[in-house]
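Novice: Okay, predicted coordinates and the sequence, questions at the end:
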4 protein chains.
Amino acid sequence: MPRVTPEHRAARREQILAAAIGCVAREGFHKTTMAHVIEASGLSAGAVYGYFDGKPALIRAIAERAVGSLGETLADIADGSDPVTVPGALRALLERVEQLADETGGAFPKVAVHAWSEATRDEEVAAVVRENIDRVHAVWVRVLDRAVADGGLAPGHDHPAMARALLSLMPGFLLQGRIFGMVDLETYLRGCTELLGATSR
Amino acid sequence: MPRVTPEHRAARREQILAAAIGCVAREGFHKTTMAHVIEASGLSAGAVYGYFDGKPALIRAIAERAVGSLGETLADIADGSDPVTVPGALRALLERVEQLADETGGAFPKVAVHAWSEATRDEEVAAVVRENIDRVHAVWVRVLDRAVADGGLAPGHDHPAMARALLSLMPGFLLQGRIFGMVDLETYLRGCTELLGATSR
Amino acid sequence: MPRVTPEHRAARREQILAAAIGCVAREGFHKTTMAHVIEASGLSAGAVYGYFDGKPALIRAIAERAVGSLGETLADIADGSDPVTVPGALRALLERVEQLADETGGAFPKVAVHAWSEATRDEEVAAVVRENIDRVHAVWVRVLDRAVADGGLAPGHDHPAMARALLSLMPGFLLQGRIFGMVDLETYLRGCTELLGATSR
Amino acid sequence: MPRVTPEHRAARREQILAAAIGCVAREGFHKTTMAHVIEASGLSAGAVYGYFDGKPALIRAIAERAVGSLGETLADIADGSDPVTVPGALRALLERVEQLADETGGAFPKVAVHAWSEATRDEEVAAVVRENIDRVHAVWVRVLDRAVADGGLAPGHDHPAMARALLSLMPGFLLQGRIFGMVDLETYLRGCTELLGATSR
DNA sequence: CATGAATGAGTCTTCATTCAT
DNA sequence: TATGAATGAAGACTCATTCAT
């Protein structure tokens, strides 16, 4: 006989997760203490441990949230009915990045970078990040396939390899654009688009 | 009259730094303890603190080493006498990345990612990373200028913006190629080159 | 809804403080380690740090306790209804010193001396000691005023200056009587009384 | 065949001692590190250890110096040919205290207090302090004897007990006058003199 | 004798986690 | 379930002392 509804549990988890994401954005995974999270969540130590098995579990949940938020947007483009172009898909993806960053008060890009870093030492985090990259890679391949079908791209290319290069444009924007504030979205998109169109030996 | 030469001091610093880089590659900055570094360096606690003011100072030295190792290669290309092409410069840069990764037993890419992560919370590390990005960006702009002069690239583009996109290709390769082992250098370079040559609207 | 009452908190603080005073009496402020205090208090490191912010805070609390225990007795004499004499007031004060020393197993005089010593380097401890001296000085002035009013002392003296000399008799007894065991209370009081009564040019 | 003269050795010891006294005045015995002393002395670690057996030995030498500087002045008065009065002797003693304090840049009173504090835990320091107190006490007794002989003091008093009270006036002045700056020499002397002359029941 | 780099036990403090209430 | 006081192992850093040069 559960005294609390599943909705209540989910809301509590969300409350803790949101607080923890804020902390991690500020201090990184390993400089964020459980005491910080407990304080920020407004709950008690016991409560937090009632919803997450411990700090590693919390880290994994945060990492999952941070890197698992992107695939859908690109998938919508790749599978939508409008003609597909690479610059168009890139714009949609990076606008989503901007939106996520703004919605989380700037936390999302920082937590994503922390997740990459943590992936080098925690195999479970690595699996989460890897899975997300694979998903986005697959969608980029579909975007390229559609672009050929829609006539915006010449056929005969190695789409999986090209998708790797395209995939790089997102972390590159996260770092240069959102972490270091060196470039804004429109300039970055213009640079990407001009680069794609340039004939370069 | 010092009994130890400045060379000896430098060698000791290097010994500590190398040990610390190995530790950080394995565990990240904040899961690496000073005890780990001390153990790995083969020196005593006091000795390590004689060469570095404390953990933050050590972290900054590691970050500097990790991100400060790239600009020269690209600069050599941009300023050399051979005709400059974007794919050629990219190959040179990424081959240098591979070489650094191999020379450090795979530590370099991981430490670089940790440095990006740390840059979000330590302003001094941020300055180091930012400076390095700026330097590489400037070189990419020179590469693009030279490519136009050498006839390999149409004029009239926004080179600084394009350089931002080109800059993204390196961290993207670090993550997908060296951290996650999803793509090898040749495939990645082919993907990049095909993407650059493709006319894409 | 706190599970522990404020009384419980106060009792714990007292427990730690008492243990720490014992340690400091034996070893002084800076040869007393937090580990000593933790061991003597019977609590854990974390618990002690939950009640005191750190070693400096503990030192200040100890100093406050050690030097803040004297003023009341003398004030009672100065403001009581019985005729006031200087020797009487002095006896009351030094008997209180003896009582405090005995109650604390000899700790009080030693901790007081450590507090004077610490006052030369910690401005907060200095403030505590200074405040206590000022309080006792003020009471001595009142004692002298009352002694004149009660006819036991000739008028026309510089009471604040005399109070400085009277104030010296307490630390002098602490050192000679309680720290070094060179003189007992009755002998010391007799010496003081004879000195006061002597006409001395 | 000593390569250095005894004078050279003595000068070196003095150099170290003076540096150490400055350090101890600032930080107390146990917050003064050997590194501080080494730095302040301008010598090397090895040199300092060549002249003092270790920190405890240095502490004892400092304590000895700090508390062993007073007896002579008072002895000169007690044994001189001028008529002896208690206020006169007290003035001579406290003027000597002032002079020592000034000569040492204010270090002497602070180091003296640190020595009392240290005497509660180091039996060797205690012996040094005790011996000095005994010496000064003996001189005060002689002063009182002479004062009676010279007609300035009524006979029949318990001179050893009175000497205890008189002895207290010096540490009291050190604390109130020199450590806490609450009273100047002339005011303090006036207070002492008025107190001695007052008929007090 | 003098030097000062090196040592390593010891110090203060933190923090993930538990459990009595 | 919820609380938050308590735990104690582990962390960063210090410092008295030594000894090869």
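Specialist: The structure has been received and is ready for your questions. Computed from a prediction, not measured in an experiment: that's the story for all the values here.

Novice: neighbouring contacts of stretch A:66-85?
Specialist: Stretch A:66-85 is touched from outside by A:21, A:88-89, A:92-93, A:96-97, A:100, A:108, A:111-112, A:114-115, A:128-129, A:132, A:135-136, A:139-140, A:142-143, A:146-147, A:150-153, A:170, B:200-201, with contacts defined as CB atoms under 8 Å, 6 or more residues apart in numbering or on different chains. The C-beta positions use only the backbone N, C-alpha and C, and glycine is treated the same way.

Novice: out of these, which are buried?
Specialist: A:21, A:88-89, A:92-93, A:96-97, A:100, A:108, A:111-112, A:114-115, A:128-129, A:132, A:135-136, A:139-140, A:142-143, A:146-147, A:152-153, A:170, B:200 (16 or more other CB atoms under 10 Å in any protein chain shown).

Novice: Which of the contacts of stretch A:66-85 fall within helices?
Specialist: A:21, A:88-89, A:92-93, A:96-97, A:100, A:108, A:111-112, A:114-115, A:128-129, A:132, A:135-136, A:139-140, A:142-143, A:146-147, A:170 (DSSP state H).

Novice: For A:Ala119, give me the pLDDT.
Specialist: We have a pLDDT of 97 for A:Ala119.

Novice: Name the residue of chain A that lies nearest to DNA strand F.
Specialist: A:Gly46 (1.7 Å; CB to the nearest atom of the strand).

Novice: check which helix or strand covers that residue.
Specialist: helix A:45-51 (DSSP states H and E).

Novice: Restrict that helix to CA atoms and write it as PDB.
Specialist: Below are the C-alpha coordinates for helix A:45-51, written out as PDB (Å, rounded to 0.1, in the frame of the first residue of the first chain):
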ATOM      1  CA  ALA A  45      19.500  13.800   3.400                       C
ATOM      2  CA  GLY A  46      17.400  10.800   4.100                       C
ATOM      3  CA  ALA A  47      14.900  11.900   1.500                       C
ATOM      4  CA  VAL A  48      17.400  12.300  -1.200                       C
ATOM      5  CA  TYR A  49      18.900   8.900  -0.400                       C
ATOM      6  CA  GLY A  50      15.300   7.600  -0.600                       C
ATOM      7  CA  TYR A  51      15.100   8.600  -4.300                       C
END
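
Novice: Mind listing what's buried along it?
Specialist: A:48-49, A:51.

Novice: Can you pull the residues of chain A lying near DNA strand E?
Specialist: By CB under 7 Å from any atom of the strand, the part of chain A that sits against DNA strand E consists of A:31-35, A:38, A:45-46, A:49, A:54-56.

Novice: Low-confidence stretches in chain A?
Specialist: A:1-4, A:198-201 (pLDDT under 70).

Novice: One more pass at 90, please.
Specialist: A:1-10, A:68-84, A:150-153, A:196-201 (pLDDT under 90).

Novice: most centrally placed residue in it?
Specialist: A:Val67 (3.5 Å; CA atoms, centre = their mean).

Novice: what's the nearest residue to it if we skip its chain neighbours?
Specialist: A:Asn132 (4.4 Å; CB to CB, 6 or more residues apart in numbering or on different chains).

Novice: what residues are up against that neighbour?
Specialist: A:67-68, A:70-71.

Novice: what do you get for A:Val139?
Specialist: Per CB under 8 Å, 6+ apart, neighbours of A:Val139: A:71, A:74-75, A:78.
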